[in-house]
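Student: Got a sequence here, can you build the structure:
(one chain, ligands or ions: 1)
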Amino acid sequence: MTSVLSGKKVLLGVTGGIAAYKTTYIVRLLIKAGAAVKVIMTPAARDFVTPLTLSTLSKHPVLTHFTNEEDENDTWNNHVELGLWADLFIIAPATANTMSKMVNGNIDNLLLATYCSAKCPVYFAPAMDLDMYKHPSTSANFDKLAAYGNLMIPAGEGELASGLSGKGRMAEPEEIIHFIEQDIQSKLVLHGKSCVITAGPTYEAIDPVRFIGNHSSGKMGAALALEMVNHGARVILIMGPSAVKVEHHLIERIDVKSAQQMYDEVHKKITQVDIGIFSAAVADYRPANPVDQKIKKKADTLHIELVKNPDILSSVGALKNKPFLVGFALETENELVHAFAKAEKKNTDLLILNSMRDKGAGFGVDTNKISIIDRDKNVSDYEIKPKSEVAKDIVNEIIQRVL
Ligand code: C5P
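Tutor: Numbering: from 1, shown residues only. Below is the predicted model:
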């Protein structure tokens with residue numbers, strides 16, 4: 001399952017509390033989620049967990065000082081660069097002492113200098129004994145850090161290192177990661193929006209072993225699904241037969257074979273969603289009478305009567321409360337004229353035109369070249385790009401119109 005932390009650059013600041021030993025698990029969970037991790041420790045933190053453990057797990061040197069004092073040729077550890085490198089900064093455990101310095105801009109170590117230089121979101125997970133936690137100065141510091149825009153991952157209750165029991169235990173590593181994932185997710189622009197995407201070909205049965213199909217790979221629809229969830233949307237991916245793997249906890253995949261099955265699944269879901277993206281290459285016709293047994297080779301010619309499939313996109317375009325609708329058009333001649341007519345007939349808010357005349361566009365390949373046509377017949381032309389990049393362009397156009 002892909003985490004929203006995948007590909008993120010995470011700075012972990014470790015301060016000097018007994019809970020520092022748990023940061024080894026935080027680093028492991030971050031790496032497992034696909035994040036790049038760098039660790040900064042305060043001098044006191046090194047008494048609780050070794051830099052070697054954290055550098056081994058994070059695959060980066062662990063920094064504590066502005067320079068490495070044992071190596072006179074060493075370069076300066078630049079807190080500004082570190083602060084700018086990070087997509088997010090987690091301070092865990094955050095001791096009462098470090099929090100007080102964060103509040104007051106008291107910069108007496110690399111971790112605090114980096115904190116003051118960081119432009120990214122800062123999360124902090126307090127850890128201390130219960131009476132320190134209850135002290136009015138601690139509560140005042142929590143409030144001030146919240147006022148600076150820093151996000152607190154509250155401590156839990158339980159047994160403390162002092163032997164006492166109460167509030168002050170650092171949140172467990174899994175809770176810290178979950179808190180951050182939820183926070184990032186909730187701030188994505190399409191959070192709370194949902195979407196149906198059709199993708200891939202359809203197979204129309206002739207007999208139990210043969211079908212009429214097409215060369216669609218489903219790659220464009222899969223790329224769109226991933227791009228939509230990267231922006232926080234929930235996606236129902238209704239997919240014809242395709243070898244493409246798409247796995248994400250926000251993607252519900254429904255596999256279908258025929259156009260009629262795709263139509264049925266779309267109509268079960270479409271009234272529940274805000275956006276519909278119809279990228280499937282649906283067969284326009286299907287055999288009128290598919291047979292139960294394999295057709296034997298006999299005469300020199302074989303006639304198969306075909307009947308029209310329902311047009312799924314048009315049927316959704318005709319709904320009274322239709323979602324924001326994106327259709328695709330693959331044209332071989334008079335592209336724009338046909339695309340304008342299609343947009344009108346199918347009632348799309350955006351129509352994505354790809355021409356078979358463009359090299360590297362269309363079926364099977366990993367690239368595509370598109371033009372996007374909106375309701376006012378504005379046309380935006382895009383360069384040839386990998387399908388993942390094309391998906392970004394399409395989703396950006398959607399975001400501009402649905403928010
Ligand atoms: O009419 P044409 O097949 O060119 O339209 C393409 C668009 O219509 C695509 O968005 C495709 O997914 C959708 N479509 C559909 N059901 C069909 C045929 C096409 O949803 N039966």
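
Student: which ones are touching Y285?
Tutor: 204, 212, 306-309 (CB atoms under 8 Å, 6 or more residues apart in numbering). In this view, the C-beta of every residue, glycine as well, is placed from N, C-alpha and C.

Student: brain fart, G317
Tutor: Listed by CB under 8 Å, 6+ apart, the contact partners of G317 are 325, 327, 346-348.

Student: Select from the contacts of Y285 every entry located in helices.
Tutor: Among the contacts of Y285, no member falls in helices (DSSP state H).

Student: P93 - nearest residue in space that isn't next to it in sequence?
Tutor: Distances taken as CB to CB, 6 or more residues apart in numbering put A127 closest to P93, at 3.5 Å, once the chain neighbours are dropped.

Student: so that neighbour makes contact with Y21?
Tutor: No: counting by CB atoms under 8 Å, A127 does not reach Y21; the two are 11.0 Å apart.

Student: Can you pick out the residue with more neighbours from these two?
Tutor: A direct count of neighbours by other CB atoms under 10 Å for A127 and Y21 places A127 higher, at 26 against 14.

Student: pLDDT at that one, what is it?
Tutor: Looking at A127, its pLDDT is 96.

Student: State the number of residues packed around D131.
Tutor: Neighbour tally, D131, other CB under 10 Å: 13.

Student: in what helix or strand does it lie?
Tutor: Assigned by DSSP states H and E, D131 falls within helix 130-134.

Student: got it, and S217?
Tutor: Per DSSP H and E: S217 is located in neither a helix nor a strand.

Student: tally of neighbours for it?
Tutor: Other residues within reach of S217, judged by other CB under 10 Å, total 19.

Student: Quick one: the strands in the stretch 51-200 of the chain, in order.
Tutor: Under the criterion DSSP state E, counting those that start in this stretch, the stretch 51-200 of the chain contains strands at 88-94, 122-126, 151-152, 156-159, 165-169, 194-199.

Student: For the longest one, buried residues please.
Tutor: To tie it back to what came earlier, the one meant is strand 88-94. Of all the residues in strand 88-94, those buried under the rule 16 or more other CB atoms under 10 Å are 88-94.

Student: Return the distance of the helix holding D131 from the chain's centre.
Tutor: 38 Å (CA atoms, centre = their mean, to the nearest Å).

Student: hang on, the earlier thing: quick one: which two of the contacts of Y285 are the most distant?
Tutor: I212 and K308 (12.8 Å; CB to CB).

Student: Give me the more crowded residue out of the two.
Tutor: I212 (18 against 11).

Student: What is the burial count for the closest residue to that one other than its chain neighbours?
Tutor: Spatial nearest neighbour of I212, excluding adjacent residues (CB to CB, 6+ apart): E204 at 4.5 Å. When neighbours are defined as other CB under 10 Å, E204 has 24 of them.

Student: One more: I236?
Tutor: I236: 22 neighbours (other CB under 10 Å).

Student: dump the residue contacts of it.
Tutor: For I236, the contact set (CB under 8 Å, 6+ apart) comprises 194-197, 251-252, 254, 269, 273.

Student: Check it and give its pLDDT.
Tutor: 98.

Student: Please state the offset of the helix or strand hosting it from the chain centre?
Tutor: Counting by DSSP H and E, the element that carries I236 is strand 234-239. Relative to the centre of its chain, strand 234-239 is centred 14 Å away, using CA atoms, centre = their mean.

Student: is it up against the ligand anywhere?
Tutor: No: using CB under 6 Å from any ligand atom, strand 234-239 stays clear of the ligand, with a minimum separation of 10.3 Å.
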